[in-house]
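Q: Predicted model follows, preceded by the sequence.
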Amino acid sequence: MKLWQKPLNSHKKTMDNKMTMQSITKIVRNNLILAGIAVLIIVTSLVEPKFLTSANIENIIRQFGTLIFVALGMTFVIMAGFIDLSVGGIISLVAVVTVTLIDKVGQGPAIIVGITIGLICGLLNSFLILSSGALTQAEALFLTYGMSLVFGAVALIYTQGVTQFLTYSKTDISLFNTINSGSIGIISISFIIFIVCLLILYIVEKRTYIGRSIVVVGGNKVAARLAGIPISKTIVFIYAVSGVMTAIGTVILVARVTLASPVMGIPYMANAILSVVVGGTALIGGKGSVLWTVMGTLLLILMGNCLNLMGVSTYIQYMLKGAILILAIWLDNRKQFSEGN
């Protein structure tokens with residue numbers, strides 16, 4: 001009995017170690033983005049002591065602000081199997097209109113008008129997609145890119161290409177100052193706005209019929225139609241959400257930089273899509289989460305901040321972002337292929 005006991009115990013121990021390694025590997029594979037954030041923070045803090053200073057952390061939070069709102073709205077669009085390239089034009093248009101209206105109608109009404117413009121832009125996108133019968137991502141890509149050019153051109157015509165400065169306003173701009181630097185206790189107002197928006201979108205995603213409809217439409221539009229899911233209403237909803245969230249992010253951006261340029265929205269289009277895809281939302285639709293978009297956005301902001309601190313060229317950073325987007329799409333496609341087989 002003793003002769004068999006030792007080999008059996010040894011085999012069992014080997015199997016236990018193998019299962020433990022497989023479990024760890026699975027956890028890391030399923031949480032690559034969290035692992036990436038952890039590694040980035042540890043390595044950067046060791047290489048660059050300024051990384052964990054209070055001033056730099058505040059800078060990271062400020063950069064996080066506008067992009068996360070645009071990315072959260074983009075999440076629903078991509079989950080449904082579409083895409084929205086008009087967000088850059090929406091940011092520019094909402095920014096210049098909001099700032100120029102402050103002296104005419106006051107800061108509160110100007111913000112409301114700005115957010116309403118974002119909503120209208122989103123509804124226009126959905127109208128064009130539905131009226132043209134463009135139910136594929138490629139068609140939505142070209143239509144929304146065209147609308148981005150239109151929105152950007154309207155912003156340029158409206159301002160004659162001149163940057164509008166918030167600080168030049170003759171009336172009260174205290175609301176913008178509060179959004180930018182105000183706080184309740186130790187929690188900033190902009191962070192509270194973010195948490196409220198995130199909570200609403202998360203509830204919509206997980207607890208409502210329209211949230212489930214978004215996933216089904218993104219997974220298989222034919223099956224969604226056969227199941228009686230209102231595809232048209234879903235498309236209107238996702239683009240309306242994208243427009244509103246982009247407008248809210250624009251208001252926070254204007255409050256932070258205290259100006260509005262008719263071309264200021266251009267960089268946010270690619271970064272928003274990158275944040276969503278890196279966060280794990282499938283570019284072909286049918287899978288995603290606003291919570292993971294938050295993680296994807298945080299990873300990109302941390303990476304940009306890290307590279308800036310180390311003096312890496314902006315051109316190199318653009319190249320790295322492009323490489324990350326390609327890698328994220330490649331990995332997602334490989335995963336989809338392996339699951340299909």
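A: Cool, got the structure.
Q: just the helices in the chain please.
A: Ranges of helices in the chain, per DSSP state H, are 2-30, 32-47, 54-79, 87-105, 107-132, 137-159, 174-181, 189-207, 209-219, 221-226, 231-257, 266-278, 290-309, 314-340.
Q: between the ones you listed, which gets the lowest average pLDDT?
A: Here the helices of the chain differ in mean pLDDT, and the lowest is helix 2-30 at a mean of 52.
Q: Spatially nearest residue to the residue nearest the centre of the chain, not counting backbone neighbours?
A: Closest residue to the average C-alpha location of the chain: Ala71 at 1.5 Å, with C-alpha atoms, centre = their mean. The shortest distance from Ala71 to any non-neighbouring residue, by C-beta to C-beta, 6 or more residues apart in numbering, is to Ser275 (4.0 Å). The C-beta positions use only the backbone N, C-alpha and C, and glycine is treated the same way.
Q: tally of neighbours for the one you found?
A: Counted with other C-beta atoms under 10 Å, the neighbours of Ser275 add up to 28.
Q: swap in Ile192?
A: 13.
Q: measure it to Leu199 for me?
A: For Ile192, the distance to Leu199 (C-beta to C-beta, to the nearest Å) stands at 11 Å.
Q: Could you do Gln63 as well?
A: 22 Å.
Q: same thing with Leu259?
A: From Leu259 to Leu199 the distance is 30 Å (C-beta to C-beta).
Q: Identify the residues contacting the residue nearest to the centre of the chain.
A: Taking C-beta atoms under 8 Å, 6 or more residues apart in numbering, we find Ala71 in contact with 271-272, 275-276, 279, 293, 296-297.
Q: And for Ala155?
A: With C-beta under 8 Å, 6+ apart, Ala155 has these contacts: 89, 92-93, 95-97, 262-263.
Q: for Ala272, same thing?
A: Taking C-beta under 8 Å, 6+ apart, we find Ala272 in contact with 67, 70-71, 74, 87.
Q: Can you tell me which of the residues you listed lies closest to Asn59?
A: For the contacts of Ala272, the residue nearest Asn59 by C-beta to C-beta is Leu67; the value is 13.6 Å.
Q: What count of nearby residues applies to that closest one?
A: Leu67 is flanked by 22 other residues according to other C-beta under 10 Å.
Q: Can you give me the distance of the residue nearest to the centre of the chain to Ile273?
A: From Ala71 to Ile273 the distance is 8 Å (C-beta to C-beta).
Q: again with Asn59
A: For Asn59, the distance to Ile273 equals 24 Å [C-beta to C-beta].
Q: So for those two, which sits in the more crowded spot?
A: Ile273 (22 against 15).
Q: burial count for Leu46?
A: 9.
Q: actually Gln160, not the one I wrote
A: Gln160 has 7 nearby residues by other C-beta under 10 Å.
Q: Let's see the pLDDT reported for it.
A: For Gln160, pLDDT reads 93.
Q: burial count for the closest residue to Asn305 other than its chain neighbours?
A: Nearest non-adjacent residue to Asn305, counting by C-beta to C-beta, 6+ apart: Ile60, 5.4 Å away. Ile60: 15 surrounding residues under other C-beta under 10 Å.
Q: Repeat that for Gln63.
A: When counting by other C-beta under 10 Å, one arrives at 18 neighbours for Gln63.
Q: Show me the contact partners of stretch 221-241.
A: Taking C-beta under 8 Å, 6+ apart as the rule, stretch 221-241 contacts 73, 76-77, 79-82, 84, 119, 122-123, 125-126, 129-130, 135, 201, 210, 213-214, 216-217.
Q: from those, which would you call buried?
A: Buried members of the contacts of stretch 221-241, scored by 16 or more other C-beta atoms under 10 Å, are 73, 76-77, 79-82, 84, 119, 122, 125-126, 129-130, 135, 201, 210, 213-214, 216-217.
Q: before we move on, back to that, please name the residues that touch the residue nearest to Ala71.
A: 67-68, 71, 74, 293, 296-297, 300.
Q: at 7 Å instead, please
A: For Ser275, the contacting residues are 67, 71, 293, 296-297, 300, by C-beta atoms under 7 Å, 6 or more residues apart in numbering.
Q: Alright, I will stop here.
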